[in-house]
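# What follows is a protein structure lacking sequence information:
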Ligand SMILES: Cc1ncc(COP(=O)(O)O)c(C=O)c1O
């Protein structure tokens, strides 16, 4: 394990937690190398960001070539080809008839802009988000976030007029109840008791809740949201920031459900690690935005756009979505097998390589964070990078790159088997 130089570390605020003790030197594909020469298998990829693997040569070359030509082509100054090409490609791969894209820097900023788009163009104040959601750490994004109190506690007041409805969580739906109905009934209650539908600008939803514990809703739930948004004339905003860009085996997770959104937010994996975000919607909606009300200095950075174009190209060339789907099935089969031996693995869920296990007290569905955290720590001791998730901290998430090989997956299974023996 690499030893962090204590004197240097003290310049970074202490609250910034780290899953590993690595001081990184470089990385390639699924592997990260420490300054001390140590080698680590990355099943986190900077939290679902380096989907094409660390430093994919074609992404690196595209960024390097662009760096040599121009680094900052501010969007209010010029048109730039990489951004226009990227907007074209995104409109092709995002489901529905969404035909214009605004670029920003981060996930939270994309969510902010999506909500501003809805509020500003519909002139309505209300937003419906979901319990257990995570949408980022800026003030509006915090107001939508509802997974763990540390994301918003002590920061109130937040942006008002945000209502949290119950998310569809099949594993935790009380026995005998239908998970879709159980969730949708709560949304209908909010519209009956708390806000008029005509005051709601948008419903913002993750197609799989990420930080909240990789909770996969039913397809019917997503369709009901579409129906309700249409009924009340609000926009359906689907936040694909963690689940998008091929991670679930499709370009965007909501393709699995066959629903379409009015606005889609994308970030994380879009540019293989360069900061970039996209808000995809329809021209007729963007046309109603007051000029000057959205934008920013760095949004749609030309180097990041060039890297994003290369990211999508290599994903297509190397059929990475198919690999994500195939390797995801292997992960699921592996953990379903392990679940037979260890009843502490209460649920095994996900789509493609957005995959998690939920750890519970054996024989119950009661969250048990201790062994989940121990699982992550023991994997790290074996040079395999993992992270926990879930509002109770009792899920372990597995986010290998979409280029993960059979050999690396087998190596990881060996580690997970050993770790399970130790912690469960
Ligand atoms: C679904 C979702 N939305 C928004 C965000 C915020 O993105 P960022 O950290 O880039 O602001 C995240 C980050 O984890 C996310 O998972």
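Thanks, I have the structure now. Just so it is clear, the structure is predicted and the values come from calculations on it, not from any experiment. Residues are numbered from 1 along each chain as shown.
# In the stretch 151-300 of the chain, where is pLDDT below threshold?
Along the stretch 151-300 of the chain, no part satisfies pLDDT under 70.
# Around the ligand, which positions in it sit nearby?
Residues of the stretch 151-300 of the chain lying near the ligand by C-beta under 6 Å from any ligand atom: 206, 210, 211, 239, 241, 242, 267. (Glycine included, C-beta is placed from N, CA and C.)
# From residue 331, how far out is the nearest residue to residue 223 once chain neighbours are set aside?
By the measure of C-beta to C-beta, 6 or more residues apart in numbering, the closest residue to residue 223 outside its immediate chain neighbours is residue 259, 5.7 Å from it. For residue 259, the distance to residue 331 equals 25 Å [C-beta to C-beta, to the nearest Å].
# what's near enough to touch the residue of the stretch 251-400 of the chain found nearest the ligand?
Nearest to the ligand in the stretch 251-400 of the chain, going by C-beta to the nearest ligand atom, is residue 267, at a distance of 4.9 Å. Contact analysis of residue 267 by C-beta atoms under 8 Å, 6 or more residues apart in numbering lists 104, 106, 107, 110, 241, 276, 277, 278.
# Among the residues you listed, name the ones in strands.
Counting by DSSP state E, those place 104, 277, 278 in strands.
# quick check, nearest of those to residue 374?
residue 277 (34.4 Å; C-beta to C-beta).
# after the longest helix along the chain, next one along is what?
Secondary structure assigned by DSSP state H gives helix 320-341 as the longest helix of the chain. Downstream of helix 320-341, the next assigned helix or strand under DSSP states H and E is strand 345-351.
# tell me which strands and helices the helix or strand just after that next one is in contact with?
Counting by DSSP H and E, the element after strand 345-351 in chain order, helix or strand, is strand 354-359. Where contact means 3 or more C-beta pairs under 8 Å, 6 or more residues apart in numbering; DSSP states H and E, strand 354-359 is packed against helix 320-341, strand 345-351, helix 369-381, strand 395-398.
# So which of these is the most surrounded?
strand 395-398 (a mean of 26; mean count of other C-beta atoms under 10 Å).
# what helices or strands is that one leaning on?
Judged by 3+ C-beta pairs under 8 Å, 6+ apart, strand 395-398 is in contact with strand 354-359, helix 369-381, strand 387-389.
# Distance to the ligand and mean pLDDT added to the ones you listed, as JSON lines?
Formatted as JSON lines, these follow (distance: least, C-beta to the nearest ligand atom, whole Å; pLDDT from 0 to 100):
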{"stretch": "strand 354-359", "distance to the ligand": "10", "mean pLDDT": "98"}
{"stretch": "helix 369-381", "distance to the ligand": "17", "mean pLDDT": "98"}
{"stretch": "strand 387-389", "distance to the ligand": "10", "mean pLDDT": "96"}
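# Please produce TSV containing those, extended by distance to residue 285.
Below are these laid out as TSV (distance: least, C-beta to C-beta, whole Å):
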stretch	distance to residue 285
strand 354-359	28
helix 369-381	41
strand 387-389	32
